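>>> Give me a 3D structure for the following:
(chains A, B and C)
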Amino acid sequence: MNNLIRIALAGSISGVILFGVEKLVTHYLKENKNSKTSYVVAANLSYDALFLGHCMPAFTVSPNAFDSVTGMNSFNLAQLEASYAENLIMLHLYLMNNPTPEYLFLSATPESFDRNFNDFHAYRYAQFLDDTLVRSIVELEDPEFYRWSFLPYMKFGFYNSEISFNALQGWKHKRNNRSKPYFTDGLELPKDELGNRPFEKLSYAKAYQFTWDETLAEYFDRIVKMAQDHGITIILFETPLNKELSNPDMLPNRKEYLSRIDSIADKNKLRFWRFDESELTESLENYYSTLNLKYPAVLRFSKELGERFKEEYGGDRTKRNE
Amino acid sequence: MPFGNLTYLVGLIVALLIYSAVGTVFRTLYLLLLSLGFLGYISPESLVILLLVSSLSYACYSGMRGQTNRSLWFFLGVAINLTGLFFFREFSIRESWSISSYSVEYALIAVGISFYSLQNLGVLIKEKLQPSAMTIPFTDFMLFSAFFPKIISGPLLRHENFLPQLSPDRNIDWVPGIQRILFGIVKKTVIADRLAYLVNHNFETVDPTGWNNLIVAHLFALQLYFDFSGYTDIALGSARLFGFKLTENFNFPLRATSITEFWRRWHISLTSWLRDFVYTPVAFGLRGSVLGILLAILITFALSGIWHGLALTFIIYACTHAAYLMGEFLLRDFRMKIKVVVGKSVFNLLGWFLTVNLVSISFLFFRSTSCIDALDRIGHVFSCSNFFPSNWKSGFIYKIAVGGDQQNIFNLSITLALTFTVLLAEKYVYRRLESNKIRVGLMVLFMVSIGLFGVFTDLDKFIYGQF
Amino acid sequence: MDNLTQIEAVIRKVFKDDSLIIDAQTSADDIDGWDSLTHLQIITEIEKHFSVKFTLSELLDVNTVGDIDRIIQQKFA
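All right, here's what the predicted structure looks like:
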């Protein structure tokens, strides 16, 4: 019997320690300014426009460059490999904690409706599992993680290699009273850890067939509905892809997918901007991969986007100067 | 199998509770049914194959117990087990090294056959050489074959150790059992799988510097040790719960000071089986000349290579060790002289350094997907030019850490710190666990480190890395 | 000279070490360098010295020096 008591004691002490660490980590994760989730929840932000999507917009839209043309104040909420499920959570967290923006630029491309090009990263939202909407999406998208998340600390421990460092960084940010994220306007320049990355042509297997994912389309609808309910103007857009991707030999059903997005846009009365004709697509010099632009080209594209915005929505929108 | 261990643990506790309620007379039968159920749950086909191979082996064993045609029954039994081993194991498709595991790879077709067929052979050979006075009962024989803690990856049991433990009055020894299981889970989730992430990424391409290849080889040696010995702790701990002390498989092999010693400490149950049933008879038959001993070493290791899988990489891996052992054997006098000159402690230190490097380098064959890759890596290790990376940060640390972000470096540091802590504290921990009292402090340390640092999923699941 | 002393002499010769002390309880674990490779050498040398032949089954029974002694005595009995 004595041993049973000892084992219960060991279990309880471990539980209490892990629970304590969980509280600390929750606190410091929320202090981490480099986490886009924590950033949008903590600061009272008042942006006019948001960009939302997966890595294509995260790598390609510079809000600063866009603002320099439009005179707006915008932020890029897109995250690496983030699916529409993640985008929905991001928009939800933003709208809950900040004044409603006027415009939402939502990335829509054949890749974003195909699970092979995006994923769900439960650890990005682990500190917000108390929120019902976050909880329900996490449960659907990462059931294995969700199943264990009730154990003390397991919602962080499950993906601890993505959490521990960020919590420590949050502690450092708190100590240094840091207020701005590393990516000031949300543009995430591609990581270039191993020296200069040469252009990588093999981004796609030859003749890749996209697979439409219905659940992603549902999340997309929910994003649109959420934004419209808040009276936000939505603009769908696709970042400029390299010319060779328009070649039907490479992506046989790309055209079909684009027309599906067109019909979704029509149904919701949204504009869908594409940049296939942009000068940028002509030269490989502008790309470091078939999907992603190099930094100077990113700035050019963001200004092009701004010009398009001015053209269609008119006027000099310098109502706010910050 | 994320967190599969928790499901396993719960099942284990339930099985144990029933076990303690079952009358002592029926315990063997209960364990047999439990083991067959466990195997059937993992893979029904494997259950059928086990029942077939082991009952036929038992039939041959019974045949040998009769006085006529002993040799015929013996050879029939050997043929059945070797056929089973080759047919359901060696010729089955092998998975690639995508995930960490040593065991999952074996678990694909006819789970456990590489272990129970050798066990059966052991019984038959022993019966052939030294007929025993006692006949093994059928249920005992089948339990010996199918015992669930060891079914997936051993340890390889010897009936002379296992069967006497089936006496009805053995105790349920749950305290050391549960402590050992928990330590095994720490080794697997906190060390081996964290290392697996680094190893898998670094084995994708061959690095151009010798230093990196050497370090990666060491990381894999550590991963393999912690993976396999962690598994073994779970297996031995589970058996211990039911009162069985199975053969130890590891005795701190990474502390060996010679290759000979390494093989006395690494995968002991297999090595000692091969020593007794392959090496000794062959060397005995060829005794009288040094050449005979060398040939026996070569045959033994070649067979061990084939046992690991019919791949050239495994066979070269095994032959490398045969060559190491032959070298050590032939240089024995020379080594003794050095030992006298430099003193025992310096000699052991040098021996250890040489041993861990030679062992790790040989594992490059074990881990590489092709011999060309392995030879390429080894070529870099032994090339004088380009041994060290020209830029330590980007050429070494960032590569080993699988990225140059602060987070990558942080995770690498945690992994290495944990690995070396456990490596150094291991001996002390085992001593403490071997007690009849739950060690509250250690248990808390284990559970908290699993919670804080464990790996529960395959982190490397994106098909499209740069996206 | 009894068998045990003679066995000691043989083992000292194999290990080239005259300081080894052997008794009936001595096993491979007690002597540095006594592994399965040298084991066979020792058995071979003992066979030569005593002019006997071991069988494989006898060899498998050898765990200590005492076992070797016993087997030799059986052969001369």
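
>>> Low-confidence regions, the chain specifically.
Let's take chain A. A:1, A:190-206, A:315-322 (pLDDT under 70).

>>> Wait, chain C was what I had in mind.
Judged by pLDDT under 70, chain C has its weakly predicted residues at C:1.

>>> Break down it into its helices, ranges please.
For chain C, the helices identified by DSSP state H occupy C:3-15, C:36-50, C:56-61, C:65-76, in order along the chain.

>>> so which of the ones you listed is the most packed in?
Highest mean neighbour count among those (mean count of other Cβ atoms under 10 Å in any protein chain shown): helix C:36-50, with a mean of 19. All C-beta spots, glycine's among them, are computed from the backbone N, C-alpha and C.

>>> Quickly check: it near chain B or not.
Yes: using Cβ under 8 Å from any Cβ of the partner chain, helix C:36-50 reaches chain B at C:36-37, C:40-41, C:43-44, C:47.

>>> what residues does the stretch 101-250 of chain B put near chain C?
For the stretch 101-250 of chain B, the residues in contact with chain C under the definition Cβ under 8 Å from any Cβ are B:129-130.

>>> Let's have the residues of helix C:36-50 next to chain B in a markdown table, adding distance to chain A.
Converted to a markdown table, these look like this (distance: Cβ to the nearest Cβ, whole Å):
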| residue | distance to chain A |
| --- | --- |
| C:Ser36 | 41 |
| C:Leu37 | 45 |
| C:Leu40 | 48 |
| C:Gln41 | 50 |
| C:Ile43 | 48 |
| C:Thr44 | 53 |
| C:Glu47 | 54 |
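
>>> Let's have those in TSV, adding distance to C:Phe54.
Rendered in TSV, the data for these read as follows (distance: Cβ to Cβ, whole Å):
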residue	distance to C:Phe54
C:Ser36	15
C:Leu37	17
C:Leu40	10
C:Gln41	13
C:Ile43	6
C:Thr44	9
C:Glu47	6
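
>>> Tell me which other helices or strands the helix or strand in which A:Ala10 is found touches.
Here A:Ala10, judged by DSSP states H and E, is contained in helix A:2-31. Where contact means 3 or more Cβ pairs under 8 Å, 6 or more residues apart in numbering or on different chains; DSSP states H and E, helix A:2-31 is packed against helix A:36-42, helix A:154-157, helix A:160-175, helix B:440-453.

>>> Just say which of these is most tucked in.
Mean neighbour counts were taken over these using mean count of other Cβ under 10 Å, and the top value, a mean of 24, falls to helix A:154-157.

>>> so does that helix get close to chain B?
Yes: in terms of Cβ under 8 Å from any Cβ, part of helix A:154-157 sits within range of chain B, namely A:154, A:157.

>>> for that helix, packing partners?
helix A:2-31, helix A:160-175, helix B:440-453.

>>> CA-only coordinates of it in PDB, if you can.
Extracted C-alpha coordinates of helix A:154-157, given in PDB (Å, rounded to 0.1, in the frame of the first residue of the first chain):
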ATOM      1  CA  MET A 154       0.600  18.700 -22.600                       C
ATOM      2  CA  LYS A 155      -0.900  21.400 -24.800                       C
ATOM      3  CA  PHE A 156       2.700  22.900 -24.800                       C
ATOM      4  CA  GLY A 157       4.600  19.700 -24.300                       C
END
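
>>> contacting residues for A:Ala167?
For A:Ala167, the residues meeting the contact criterion (Cβ atoms under 8 Å, 6 or more residues apart in numbering or on different chains) are A:24-25, A:28-29, A:32, A:156.

>>> all helices for the stretch 51-200 of chain A, in order.
Assigned helices in the stretch 51-200 of chain A, in chain order: A:55-60, A:63-70, A:84-97, A:132-141, A:143-148, A:154-157, A:160-175 (criterion: DSSP state H, counting those that start in this stretch).

>>> Going by neighbour count, list what's buried in the third one.
Neighbour-count burial for helix A:84-97 flags A:84-95 (criterion: 16 or more other Cβ atoms under 10 Å in any protein chain shown).

>>> repeat for stretch A:68-80
For stretch A:68-80, the neighbour count (16+ other Cβ under 10 Å) marks A:69-80 as buried.

>>> Check the residues you listed and tell me the two furthest apart.
Greatest spatial distance among these (Cβ to Cβ): A:Gly71 and A:Leu80, at 29.0 Å.

>>> near chain B, which residues of the stretch 1-150 of chain A show up?
By Cβ under 8 Å from any Cβ, the residues of the stretch 1-150 of chain A that approach chain B are A:2-3, A:6-7, A:9-11, A:13-14, A:17-18, A:21, A:54-55, A:80-81, A:116-119, A:144-145, A:148.

>>> Make sure B:Phe86 is indeed in a helix.
Yes: secondary structure of B:Phe86 (DSSP: H, G, I helix; E, B strand; the rest coil): part of a helix.

>>> how close does it sit to chain C?
Counting by Cβ to the nearest Cβ, to the nearest Å, the gap from B:Phe86 to chain C is 25 Å.

>>> residues contacting the residue in chain C that chain A sits nearest to?
Each residue of chain C has a distance to chain A, by Cβ to the nearest Cβ, and the smallest belongs to C:Asp29, at 33.8 Å. With Cβ under 8 Å, 6+ apart as the criterion, no residue contacts C:Asp29.

>>> if I look at it, how far off is A:Phe309?
Computed as Cβ to Cβ, to the nearest Å, the C:Asp29 to A:Phe309 distance reads 83 Å.

>>> And for A:Met250?
Computed as Cβ to Cβ, the A:Met250 to A:Phe309 distance reads 30 Å.

>>> higher neighbour count, these two?
Set side by side, A:Met250 and A:Phe309 show more neighbours around A:Phe309, with 22 against 17, by other Cβ atoms under 10 Å in any protein chain shown.

>>> hang on, the earlier thing: reformat the helices and strands packed on helix A:2-31 into a markdown table and put distance to C:Ile11 next to each item.
Written out in a markdown table, the entries for the helices and strands packed on helix A:2-31 read as follows (distance: least, Cβ to Cβ, whole Å):
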| stretch | distance to C:Ile11 |
| --- | --- |
| helix A:36-42 | 72 |
| helix A:154-157 | 56 |
| helix A:160-175 | 55 |
| helix B:440-453 | 43 |
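
>>> For B:Ala401, find the nearest of those helices.
Evaluated over the helices and strands packed on helix A:2-31, closeness to B:Ala401 peaks at helix A:160-175, with 11.1 Å, by Cβ to Cβ.

>>> chain center to that closest one: distance?
Taking Cα atoms, centre = their mean, to the nearest Å, one finds the center of helix A:160-175 at 20 Å from the center of the full chain.

>>> Per the annotation, how does chain B divide into domains?
In terms of domains, chain B is parsed into B:21-169, B:176-453 (source: automatic domain parsing).

>>> Flag whichever of these has the least confidence on average.
Mean pLDDT per stretch puts domain B:21-169 lowest among the domains of chain B, at a mean of 85.

>>> and C:Gln41, what does it touch?
Applying Cβ under 8 Å, 6+ apart, the residues near C:Gln41 are B:293, C:14.
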